[in-house]
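Got a sequence here, can you build the structure:
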Amino acid sequence: PKAKEMISRLRDILIAAKNTGIGTGLTMIANEAYGNSPIELRADQTFPGTRNIRGGYGVELCPNKPGAKELMLRWREELFSVFSDIGIDYIGVGPYDQGGCCCSKCNPWGSNGYLLMAKEISNLAHKYWPESKFILSTWLFDIEEWEGLTKAFASRPDWVDYIEADSHTDFPLYPLKCGVPGDLPLLNFPEISMWGMSPWGGFGANPMPNRLQKLWEQVSNVISGGSPYSEGIFEDINKAIISQFYWENKKAVETLAEYISFEYSPEITAEVLKAIEIIEKNHKFFPADGSYGTVEDAGADEAYDCLKKAELKLSPSIRDSWRWRILFLRAMIDRERFRNKGLLTETCEEAFRELTRIYHAENAEPQVAPPKRK
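Numbers count the residues shown, from 1 in each chain. The predicted structure follows:
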């Protein structure tokens, strides 16, 4: 019953998107499996520590074990058939966060077992949607996997349309220095949600114009588009900045000024720009343990004062809007935490309760819900 409910919801989302002219896509891990997957078919996920894999459910399958590939493809076909009457424009397959197998037959996963499964998924998807584009992700690839992919794609493959690459930090150097395997078009996967915060979004808006501008300059002349990854509404400003990069290569600060003028008021552009500059400088100083140590405040009091003064010029409807509140609450929480050496005060707790209501995060996973005082 829960699966049927989720399928119905996903269909509604895809149909709504198609009706507004938005392209649709399905994305998945190459060897993901259900929680009750056969234990004897499961993957070896004892990756070496240098592989830097994030997460893992421990239920993924090894495509080189007899019967495992066929079982995973049957599951994929069940999934695709659910959406067969909806035009799906993109199919994206990834190697990690969870996922992968490092057995002797699959290793190195990104240029071996992963490609075995990805090609099968691509062929299956094109049975349902012949015109769809297939995106092969290289998320968290190490150098061995990049080099192996280049060898595997010495001749351009006919089952891949795009290579997607990015990282939690800087953009991967390999495709910038050595070219894209198979000479395929390159997409980026900008991280606009999670960087530098725990829980991400838990403290309100997370505008990062300078960081996003720096990352864009690394790749703007080599990519053919990208897939911004969102975990909520707290990065609404970042969404606007990234979208304008793709649309017309607009500078982040120019988009930010436009955003402030349009969403809030042109009268307060200067004050909000100053506040966001400070908020971004303080952004990286949100360790999960709630402490600041000896970190120097970039001006949390000034950022809060800027927004407090700006708020006096806003109409009641804008002051109460979620876009303004998540930014204002972020400045308030920053000020409280720096004044109290990282401790969460009752003022913070009140702000967290409001953010929870705005996000509809009453039952959300801890990573995307505002924190609670210890």
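
ok, the spatially closest residue to residue 44 that is not a sequence neighbour - contacts?
Distance criterion CB to CB, 6 or more residues apart in numbering; nearest residue to residue 44, sequence neighbours excluded, is residue 103 at 4.2 Å. Yep, even glycine has a C-beta here, placed from its N, CA and C like the rest. Counting by CB atoms under 8 Å, 6 or more residues apart in numbering, residue 103 touches 43, 44, 62, 64, 113.

Distance check, residue 103 against residue 65.
Distance of residue 103 to residue 65, computed by CB to CB, to the nearest Å: 8 Å.

Could you do residue 109 as well?
Residue 109 is 14 Å from residue 65, by CB to CB.

What helix or strand is residue 31 located in?
Residue 31 belongs to no helix or strand when assigned by DSSP states H and E.

give me the number of residues near it?
30 (other CB atoms under 10 Å).

per-residue confidence for it?
Note on residue 31: pLDDT of 97.

which non-adjacent residue is nearest it?
Residue 31 sits nearest to residue 60 (CB to CB, 6+ apart), 4.7 Å away.

can you check residue 352 too?
residue 370 (3.7 Å).

In this structure that neighbour contacts residue 356, no?
Yes. Residue 370 lies in contact with residue 356 (CB atoms under 8 Å); the separation is 5.3 Å.

more crowded one of these two?
Taking neighbours as other CB under 10 Å, residue 370 and residue 356 compare with residue 370 leading, 26 against 17.

Spit out the contact partners of the more buried one.
So residue 370 contacts 199, 201, 202, 203, 351, 352, 353, 355, 356, 359, 361 (CB under 8 Å, 6+ apart).

Now a PyMOL select for only the buried ones of those.
Listed next is the PyMOL selection for buried residues among the contacts of residue 370, using 16 or more other CB atoms under 10 Å:
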select buried, resi 199+201+202+203+351+352+355+356+359+361
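
Could you tell me which of the contacts of residue 370 are located in helices?
351, 352, 353, 355, 356, 359 (DSSP state H).

could those residues go into JSON lines alongside distance to residue 321 and pLDDT?
Putting those into JSON lines (distance: CB to CB, whole Å; pLDDT from 0 to 100) gives the following:
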{"residue": "351", "distance to residue 321": "16", "pLDDT": "96"}
{"residue": "352", "distance to residue 321": "19", "pLDDT": "95"}
{"residue": "353", "distance to residue 321": "18", "pLDDT": "95"}
{"residue": "355", "distance to residue 321": "14", "pLDDT": "97"}
{"residue": "356", "distance to residue 321": "17", "pLDDT": "96"}
{"residue": "359", "distance to residue 321": "14", "pLDDT": "96"}
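
Looking at those, which is nearest residue 243?
For those, the residue nearest residue 243 by CB to CB is residue 359; the value is 21.1 Å.

how far away is that closest one from residue 232?
6 Å.

got any residues that touch both of the two?
Common contacts of residue 359 and residue 232 (CB under 8 Å, 6+ apart): 201, 368.

Stretch 309-323: how far from the chain's middle?
29 Å (CA atoms, centre = their mean, to the nearest Å).

What residues of it count as buried?
Quick answer for stretch 309-323 (16+ other CB under 10 Å): 310, 314, 322, 323.

Can you flag which of these belong to helices?
Going by DSSP H, the helices hold 310, 322, 323 from these.

Tell me, how many residues neighbour the residue nearest to residue 174 when sequence neighbours are not counted?
The shortest distance from residue 174 to any non-neighbouring residue, by CB to CB, 6+ apart, is to residue 146 (4.1 Å). When neighbours are counted by other CB under 10 Å, residue 146 registers 20.

and residue 146, what helix or strand is that in?
Going by DSSP H and E, residue 146 is in helix 143-152.

sec struct for residue 26, please.
strand (DSSP: H, G, I helix; E, B strand; the rest coil).

In this structure it contacts residue 86, no?
No. In terms of CB under 8 Å, residue 26 does not count as a neighbour of residue 86; the distance is 9.9 Å.

Show me where the stretch 51-200 of the chain has its helices.
Secondary structure of the stretch 51-200 of the chain (DSSP state H, counting those that start in this stretch): helices at 68-82, 113-128, 143-152, 173-178.
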